[in-house]
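> Sequence first, predicted coordinates after that:
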Amino acid sequence: GESVGLHLPTLSVQEGDNSIINCAYSNSASDYFIWYKQESGKGPQFIIDIRSNMDKRQGQRVTVLLNKTVKHLSLQIAATQPGDSAVYFCAETQSSYKLIFGSGTRLLVRP
Amino acid sequence: DSGVTQTPKHLITATGQRVTLRCSPRSGDLSVYWYQQSLDQGLQFLIQYYNGEERAKGNILERFSAQQFPDLHSELNLSSLELGDSALYFCASSGGGTGELFFGEGSRLTVL
């Protein structure tokens, strides 16, 4: 079936370091991309989004980079904190139909 | 709190049975989405409704069906349940203008 992203890998980082989570998407026609954070036992929460006419967007401590040439998306988290520990999903959609999620990356923050 | 309400939070049933999961979207949101999340897996898109009409379909089994009612709440019906149907089922809603979805806390289904 349709899929975005990687089989669930784990990224372990030291508290205070920067984290980079990567995602490969499959549909070159996708025009909107979102990163979600899912903490244990909870539903996914919106972190940041980016449209296909942009290649970079910054939020508070987070930056999303989009490379349409290689269909790659990344999420950068600055000064990673213990509260950032969660599973992160990238998602793509074309014209707001069928938001398709990747398989996720687990981020572990070491104190 | 996302504003999306799902019931029940937990459900345990036996193979062959039928269950109904309920979702109330955020106030004013016209779109409702259903996703299935198995253990340590990503979210598999099942189906989307917009203002009562089916808008998009994903990998939803024929044993599963859904609908969105005039008051915009939605139900996901799972029948002839199998062990492999055990999963978290998430409902999400959006205003329809962007792809940002607001997720409920999920319904955890266990099929024994």
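Cool, the structure landed.
> Quick check: A:Asp82 touching A:Glu15?
Careful, residue A:82 is Pro and not Asp. Yes - with contact defined as Cβ atoms under 8 Å, A:Pro82 and A:Glu15 form a contacting pair (6.2 Å). For the C-beta atoms, the positions are set from N, CA and C on the backbone; glycine is no exception.
> Give the residues shared as contacts by these two.
Each of A:109, A:111 lies in contact with both A:Pro82 and A:Glu15 under the rule Cβ atoms under 8 Å, 6 or more residues apart in numbering or on different chains.
> who has more neighbours, these two?
In this view A:Pro82 and A:Glu15 are compared by other Cβ atoms under 10 Å in any protein chain shown, and A:Glu15 has more residues nearby, 13 against 10.
> Enumerate every residue touching that one.
With contacts defined as Cβ under 8 Å, 6+ apart, the neighbours of A:Glu15 are A:80-82, A:109-111.
> of the residues you listed, buried ones?
Among the contacts of A:Glu15, those classed as buried by 16 or more other Cβ atoms under 10 Å in any protein chain shown are A:80, A:109.
> so which of the contacts of A:Glu15 comes closest to chain B?
For those, the closest approach to chain B (Cβ to the nearest Cβ) belongs to A:Val109, at 18.9 Å.
> The closest one and A:Ser85 touch, don't they?
Yes - judged on Cβ under 8 Å, A:Val109 makes contact with A:Ser85 at a distance of 4.8 Å.
> For the closest residue to chain B within chain A, which non-adjacent residue is spatially closest?
Nearest residue of chain A to chain B: A:Gly43, at 3.3 Å (Cβ to the nearest Cβ). Distance criterion Cβ to Cβ, 6 or more residues apart in numbering or on different chains; nearest residue to A:Gly43, sequence neighbours excluded, is B:Phe103 at 3.3 Å.
> and the gap between the most centrally placed residue in chain B and chain A?
By Cα atoms, centre = their mean, the mean C-alpha position of chain B lies nearest to B:Trp34, the distance being 3.4 Å. In this view, B:Trp34 and chain A are 12 Å apart by Cβ to the nearest Cβ, to the nearest Å.
> ok, what's across the strand from that residue?
B:Ile47, B:Cys91 (DSSP bridges).
> if I read this right, it contacts B:Leu46, doesn't it?
Yes - here B:Trp34 reaches B:Leu46: they are 4.2 Å apart, a contact under Cβ under 8 Å.
> Look at the closest residue to A:Ser19 other than its chain neighbours and report its pLDDT.
In space, and not counting its chain neighbours, A:Ser19 is closest to A:Ile77: 4.3 Å by Cβ to Cβ, 6+ apart. A:Ile77 is assigned a predicted lDDT (pLDDT) of 98.
> surely A:Ile77 meets A:Asp84?
Yes - at 5.8 Å, A:Ile77 counts as touching A:Asp84 under the criterion of Cβ under 8 Å.
> Now do the shared contacts for the two.
A:19, A:107.
> Looking at the two, which has the bigger crowd around it?
A:Ile77 (24 against 19).
> how close does the more buried one sit to B:Ser74?
Computed as Cβ to Cβ, to the nearest Å, the A:Ile77 to B:Ser74 distance reads 33 Å.
> Same check on B:Leu112?
26 Å.
> Compare the two (neighbour count), which wins?
Set side by side, B:Leu112 and B:Ser74 show more neighbours around B:Ser74, with 25 against 10, by other Cβ under 10 Å.
> now the more buried one, which residues is it bridged with?
B:Cys23, B:Gln68.
> for B:Phe103, same thing?
In this structure, B:Phe103 bridges to B:Ala92 when assessed by DSSP bridges.
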